[in-house]
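J.: turn this into a model:
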Amino acid sequence: MKMLVSLMSVTAILLVALAGPLYKFGVVELGTAFTGFKFGLFAGIAALVLLAIQLLFKRNTASIGSALASAVLAVTAIVVPLGMMNTAKNVPPIHDISTDLVNPPEFVAIAPLRIDASNPVEYAGAEVAEQQRTAYPDLQTLTYANSKPELIKAAKQAIENLGWDLVNTDADKGIIEATETTAWFGFKDDVIIRVTDNDSERLVDIRSKSRVGQSDLGKNAARIHSFIDELDSVLAK
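T.: Predicted structure coming up:
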């Protein structure tokens, strides 16, 4: 029983932990990775059930160390998927977020990089915009007194500080494009920052869009928030 509990808990955590890297390095398709993720959840539940049976009926076969280790692995394999499922229920099933919903910044240099992406480069339109307004009402066009060159320079520094890959800078058009690759699954999400003149002020808009997946689990909105915080930090220095 002790061996079975340990094997089941290790299997559970491996199914969950390896789902991302196996997809990231092209070993399995995304659907297969998510299936493994789901089975990891089930294996974690099974491990806890077996552990409970062991502690209730075969306590002499269990040690504190092995029982605790198995419990931690099993609970982790359960909590991570459930946490993602809970997040998915609390955010809209969208993957394209922009501070300007009327005239979202358009990808230029990044557009050809998304040819094979399942999510088209074009903005999805009014339905997505309405869902964003409801979920992320605080994401709106930013206004700065700084000059356009200062903002472009600061935006590039913010991108570097965040560890994103700079793809394109067009000072004349006032746009900066970058890509962030997520650590676990290796998802590539694209960002464009647009700086425009508005009399004595500058308007800054940010758009972040996933290449794959219907729901981004709130990642694109969080990415824009992170960029804004980093941009303000750079400008404050």
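
J.: drop to CA atoms for contacts and neighbour counts, all remaining ones
T.: OK.

J.: the residue of the chain most remote from its centre and L4, how far apart?
T.: Computed with CA atoms, centre = their mean, the residue of the chain farthest from its C-alpha average is N60, at 44.7 Å. N60 sits 15 Å away from L4, going by CA to CA, to the nearest Å.

J.: ok, R194 - contacts?
T.: Residues counted as contacts of R194 (CA atoms under 8 Å, 6 or more residues apart in numbering) are P105, G174, I175, I176, L203, V204, D205, I206.

J.: so it: helix, strand or coil?
T.: Secondary structure assignment for R194 (DSSP: H, G, I helix; E, B strand; the rest coil): strand.

J.: not counting its neighbours along the chain, what's nearest it?
T.: Take R194 and drop its neighbours on the chain: the residue closest to it by CA to CA, 6 or more residues apart in numbering is I175, 4.5 Å away.

J.: touching, the one you found and I192? I think so.
T.: Yes: counting by CA atoms under 8 Å, I175 touches I192, with 6.8 Å between them.

J.: re earlier: out of the contacts of R194, which sit inside strands?
T.: Among the contacts of R194, the members found in strands (DSSP state E) are I175, I176, L203, V204, D205, I206.

J.: let me know the closest of those residues to I110.
T.: For those, the residue nearest I110 by CA to CA is I176; the value is 10.3 Å.

J.: can you report how many residues lie near the residue lying closest to that closest one once chain neighbours are set aside?
T.: Excluding its sequence neighbours, the residue lying closest to I176 (CA to CA, 6+ apart) is T169, at 4.5 Å. A count of nearby residues for T169, using other CA atoms under 10 Å, gives 18.

J.: list the buried residues in the helix or strand containing T169.
T.: Element membership for T169, per DSSP states H and E: strand 165-170. Across strand 165-170, burial judged by 16 or more other CA atoms under 10 Å covers L166, V167, N168, T169.

J.: tell me where the chain has helices.
T.: Listed in chain order, the helices of the chain (DSSP state H) span 2-17, 19-24, 30-57, 64-90, 126-135, 148-162, 219-236.

J.: want to throw these into CSV with mean pLDDT and mean neighbour count?
T.: Formatted as CSV, the helices of the chain follow (pLDDT from 0 to 100; neighbours: other CA atoms under 10 Å):
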stretch, mean pLDDT, mean neighbour count
helix 2-17, 94, 21
helix 19-24, 96, 20
helix 30-57, 93, 19
helix 64-90, 94, 16
helix 126-135, 97, 15
helix 148-162, 98, 18
helix 219-236, 98, 17
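
J.: out of those helices, flag the one nearest D199.
T.: Closest of the helices of the chain to D199 is helix 148-162, at 11.9 Å (criterion: CA to CA).

J.: ok, residues contacting the closest one?
T.: Here helix 148-162 makes contact (CA under 8 Å, 6+ apart) with 165-166, 171, 174-176, 178, 193, 195-197, 202, 227, 230-231, 234-235.

J.: repeat for stretch 218-225
T.: 87, 91-92, 95-97, 136, 139, 189, 206-210.
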